[in-house]
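**Student:** predicted model follows, preceded by the sequence.
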Amino acid sequence: MKITLAKTSPLLQRDFVFGVATASFQIEGAADSREACIWDTFCATPGRIKDGSDGLVACDHVNRWRDDIELIAALGVDAYRFSIAWGRVIRADGSINQAGLDFYIQLLDALKARNIKAFVTLYHWDLPQYLQDEGGWLNRATADKFARYADVVSRAFGDRVYSYATLNEPFCSAYLGYEAGIHAPGVQNRQQGRQVAHHLLLAHGLAMQVLQRNAPQALNGIVLNFSPCHPASNSAADIRAADMADQYHNQWYIQPLLEGCYPDLLTQLPVAEQPQITAGDMAIIARPLDFIGVNYYTRTVYRANSKGWFSDVPPTAPPLTDMGWEIYPQGLTEVLLAMHRRYNLPPVYITENGAAMPDSLLHNQVADAERVSYFQQHLQATEAAITAGMRIDGYFAWSLMDNFEWAEGYAKRFGIVYVDYATQQRTLKTSAIALRELFAGRQK
Ligand code: FCB
């Protein structure tokens, strides 16, 4: 099975960056050499994780990182996107864990030796539990702590990092963690969700200042997730509901960053549910970005509900991934071009895109034809946005390997590399081989 793009495709040009992505809590394991985080606590709470699993061992990446780097290099990628576990770097008493920093430094050096660009994410959801105990992202002081953490990391890493993202998908930390309650810390409270979103954006802005000072050579920015919001019907109420959902889930994060204000929908929230914003915050949030990372998986359909708000309508018709998410590649072009038309954007990277499929290992092979086709379609969707005039500098497949898929545990497999959790054996799936061939076929 092949992934084919036209010879003249902008994706095959010299400067376009192809990579694979992971996140600390999802792969690292070695929980005893870091502080506990909110996901450890969440996993230890019965009923929170579908298969009752946790991140204590995960892919045991902290012990197997050398082999994993070889695996990444063998794919022929230009870049590797991974995240730093805050609690592996800063202890509960505020002291620096040098062994934790050294772990990442050797990883960075190994990437550099192989000419692989390091895309480092500072926060991919694993807030140290010691900070949660002081209020977590509801506590404004956490934003200052984040800036200090960014300072410690960016000083220690020196010029080894090609790109820093402050946050991964603040939507998930705020909405899934504090409104839907399906991610750590599992709260259901709209005011808290909006406040957390604000503190996260503030943390981002404060950390941007630090990164631009300590790592001016790096591309510094943020990673957001987008899903086009479509109305369930042509009724005015559903169309309005979809627009509200777009403001609440998509624009809520990008608009403050690029325009220094929240969407108008904010004023429609009861005052008691609006975030508290201190004078000067929006200017901090809206500091210039070197890039925006876009994570895309699927579209979402909404209908108006009886509360004058929006409810999502889960997809039922195929094609669906193993997550139950609709395969909707044109949605990627749609969100990209909508951003491109509306905002004055910095360069964009697709920092995550991929699919969970019910993979099985048979005779040392994983024939994941549906994932190959998912990549094929979404690469073409990326290409379409570039052809329409948008600047997109790279694409990262989610994920390098199967890993801990948050509330779904290990049952959902997003990797292009299969992980047998009993033996920790890694096996390239057909999709990894197809991507490797695509990368190798480029004129570099
Ligand atoms: C994104 C997350 C990533 C992974 C994928 C499937 O929202 O950033 O960690 O779980 O979804």
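**Tutor:** Done, it's in.

**Student:** show me the contacts for the most centrally placed residue in the chain.
**Tutor:** With distances taken as Cα atoms, centre = their mean, the residue of the chain nearest its centroid is residue 168 (4.4 Å). When contacts are counted by Cβ atoms under 8 Å, 6 or more residues apart in numbering, residue 168 touches 23, 83, 121, 123-125, 223, 295. Heads up, the C-betas are built off the backbone N, CA and C, glycines and all.

**Student:** of all pairs in these, which one is the farthest apart?
**Tutor:** The largest separation in the contacts of residue 168, counting by Cβ to Cβ, is between 123 and 295 at 14.1 Å.

**Student:** of the two, which one has the most company?
**Tutor:** Under the criterion of other Cβ atoms under 10 Å, the comparison of residue 123 against residue 295 puts residue 123 first, with 29 against 22.

**Student:** so which strand or helix has the residue nearest to the more buried one when sequence neighbours are not counted?
**Tutor:** Once flanking residues are discounted, residue 123 sits nearest to residue 167: 4.9 Å by Cβ to Cβ, 6 or more residues apart in numbering. Take DSSP states H and E as the rule and residue 167 turns out to sit in strand 163-168.

**Student:** wait, does that strand contact the ligand?
**Tutor:** Yes - shown here: strand 163-168 in contact with the ligand (Cβ under 6 Å from any ligand atom) through residue 168.

**Student:** ok, then the element right after that strand?
**Tutor:** In the C-terminal direction, the helix or strand that comes right after strand 163-168 (DSSP H and E) is helix 170-171.

**Student:** can you tell if the helix or strand just after that following helix touches the ligand?
**Tutor:** In the C-terminal direction, the helix or strand that comes right after helix 170-171 (DSSP H and E) is helix 177-178. No - legend: contact between helix 177-178 and the ligand by Cβ under 6 Å from any ligand atom is lacking; minimum distance shown is 12.0 Å.

**Student:** elements contacting the helix or strand that helix 177-178 is followed by?
**Tutor:** Of the helices and strands lying after helix 177-178 in sequence (DSSP H and E), the nearest is helix 190-214. On a contact count with 3 or more Cβ pairs under 8 Å, 6 or more residues apart in numbering; DSSP states H and E, helix 190-214 meets helix 141-157, strand 163-168, helix 170-171, helix 177-178, strand 219-226, helix 252-259, helix 281-285.

**Student:** go through the last one and flag the buried ones.
**Tutor:** Of the residues in helix 281-285, those buried by neighbour count under the rule 16 or more other Cβ atoms under 10 Å are 281-282, 284-285.

**Student:** need the contact partners of the helix or strand following that helix.
**Tutor:** Next in sequence after helix 281-285, counting helices and strands by DSSP H and E, comes strand 291-296. Contacts to strand 291-296, defined as Cβ under 8 Å, 6+ apart, come from residues 163, 165, 168-169, 219-227, 254, 257, 331-332, 335-336, 339, 345-353, 378, 393, 398.

**Student:** ditto for stretch 252-272
**Tutor:** Under the criterion Cβ under 8 Å, 6+ apart, residues 170-171, 190-191, 194, 197, 201, 204, 222, 224, 244, 247-248, 251, 274-275, 282-283, 285-286, 289, 292, 339, 343-345 lie in contact with stretch 252-272.

**Student:** what do you get if the cut-off is 7 Å, keeping everything else the same?
**Tutor:** The list of residues contacting stretch 252-272 from outside it, by Cβ atoms under 7 Å, 6 or more residues apart in numbering, reads 170-171, 191, 197, 201, 222, 224, 244, 247-248, 251, 274, 282-283, 285-286, 289, 339, 343-344.

**Student:** and those residues, which of them are buried?
**Tutor:** Buried by 16+ other Cβ under 10 Å: 170-171, 191, 197, 201, 222, 224, 244, 247-248, 251, 274, 282, 285-286, 289, 339, out of the contacts of stretch 252-272.

**Student:** who's in contact with residue 22?
**Tutor:** Residue 22 makes contact with 82, 399-400, 403 under the criterion Cβ under 7 Å, 6+ apart.

**Student:** neighbour-wise, which of those residues leads?
**Tutor:** Neighbour count (other Cβ under 10 Å) singles out residue 400 as the most crowded of these, with 30 neighbours.

**Student:** tell me the spacing between that residue and the ligand.
**Tutor:** Distance check for residue 400 against the ligand: by Cβ to the nearest ligand atom, to the nearest Å, it reads 12 Å.

**Student:** thinking again about what came up before, so in terms of bridging, what pairs with the residue nearest to the centre of the chain?
**Tutor:** Applying DSSP bridges to residue 168 yields these beta-bridge partners: residue 223.

**Student:** run through the strands of the stretch 301-444 of the chain in chain order.
**Tutor:** If you assign secondary structure with DSSP state E, counting those that start in this stretch, the strands in the stretch 301-444 of the chain sit at 310-312, 348-352, 392-398, 417-420, 425-428.

**Student:** return the most buried member of these.
**Tutor:** For the strands of the stretch 301-444 of the chain, ranked by mean neighbour count under the definition mean count of other Cβ atoms under 10 Å, the leader is strand 348-352 at a mean of 25.

**Student:** redo the helices and strands packed on helix 190-214 as TSV? Include mean pLDDT.
**Tutor:** Conversion of the helices and strands packed on helix 190-214 to TSV gives the following (pLDDT from 0 to 100):
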stretch	mean pLDDT
helix 141-157	99
strand 163-168	99
helix 170-171	98
helix 177-178	98
strand 219-226	99
helix 252-259	99
helix 281-285	99
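
**Student:** next to the ligand in this structure, residues from the stretch 251-400 of the chain, please.
**Tutor:** If contacts are counted using Cβ under 6 Å from any ligand atom, the residues of the stretch 251-400 of the chain sitting beside the ligand are 295, 352, 398.

**Student:** what do you get if the cut-off is 8 Å, keeping everything else the same?
**Tutor:** On the criterion Cβ under 8 Å from any ligand atom, the ligand has as its neighbours in the stretch 251-400 of the chain the residues 295, 297, 323, 352, 354, 356, 398-399.
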